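Asks: Following is a predicted model, sequence given first.
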Amino acid sequence: MTGARLAVLGAGSILPRPGYGSSGYAVCPAAGAPWMLFDCGPGTLRALGALHLGVEDVGAVVLSHYHPDHCLDLAALLFARRNPELTRKPPLEVIGPVGLLALHAGLGTTFGRWVEDPSVTWREFAVDEDGRWSGALALGDHTLQLAAAANGHTPNSVSWRVSLPSHFELGYTGDTGEVAAVAELCRDVDLFVAECAFPAGQEAEHHLTPHSAARLALAARAKSLLLTHFYPSVDPAEAVAQARALGAPAFAAHDGLCVSLVAR
Ligand SMILES: [Zn+2]
Ligand SMILES: [Zn+2]
């Protein structure tokens, strides 16, 4: 597959499960362009390798929140960028809500110069009074429009929307409950990547189940729904069946899944 595409690096949780690593999603805006990562949980670098991608292919990391299952491999990525075997290294931009600069400082305190890299730009943002933020991201010759909305999973966590040069609209919930602001952010997206941490019957305030993920996708009028972030208690096939029973155009993520991001 070439052109704009999404590669699932980790469709699971922090709990070990074959085929389902911690949260990480790689987005390629156009053939030959640097990739952007949505979240960067432990195992992200290993998963990049499985897809024959290297750290030199990553031009941006966009974070949803700072739970370790969503950001731990940032330290690994920074360390890898210092490796002398790397013959080329594009600039890297790291974007995240409030807490990013504290994370950066903490990594520096712990790892010192091993994670220092002057070619990395750190862009922390605060949402406005409506809980929103938007900005542009340059990836090679391409410009992506990013938008975020606070979702209440943690005090500063956000969900994301990215508008690709291919006119494909992609939504990514990060971790969230069934929050109207997320449906508004992701209105009419072509693909809605939604966490589905827990199975039906194990509802939690700040996570989704197959049913609440489906309701959120339907509220957003998303054209397709990719369920992901499965804890071991979730059967992905069952989750898809339950979401489809509510009318959501659902399918399930697994590590290594690649999806074309070309608007139909
Ligand atoms: Zn979380
Ligand atoms: Zn999580």
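Replies: Right, received. Where do you want to start? Ligands and ions are numbered 1, 2, ... in the order given.
Asks: Number of residues surrounding T2?
Replies: When neighbours are defined as other C-beta atoms under 10 Å, T2 has 9 of them. For glycine as for every other residue, the C-beta is placed from the backbone atoms N, C-alpha and C.
Asks: quick one: it and A31, what's the gap?
Replies: 5 Å (C-beta to C-beta, to the nearest Å).
Asks: for F198, same thing?
Replies: Distance of F198 to A31, given as C-beta to C-beta: 37 Å.
Asks: again with T121
Replies: T121 is 24 Å from A31, by C-beta to C-beta.
Asks: So F198 and A31 - more neighbours on which side?
Replies: Taking neighbours as other C-beta under 10 Å, F198 and A31 compare with F198 leading, 21 against 10.
Asks: And what about that one, helix, strand or coil?
Replies: Judged by DSSP: H, G, I helix; E, B strand; the rest coil, the three-state class of F198 is coil.
Asks: Measure how buried R113 is and give me the count.
Replies: 8.
Asks: tell me the centre residue of the chain?
Replies: The residue lying closest to the centre of the chain (C-alpha atoms, centre = their mean) is F38, at 2.8 Å.
Asks: Skip the chain neighbours and tell me the closest residue to V55.
Replies: In space, and not counting its chain neighbours, V55 is closest to A80: 4.5 Å by C-beta to C-beta, 6 or more residues apart in numbering.
Asks: Poorly predicted segments of the chain, please.
Replies: 1, 264 (pLDDT under 70).
Asks: mind listing the strands in it by residue range?
Replies: 5-10, 24-28, 35-40, 58-62, 92-97, 120-125, 132-139, 142-150, 158-163, 169-172, 191-195, 225-228, 250-252, 258-260 (DSSP state E).
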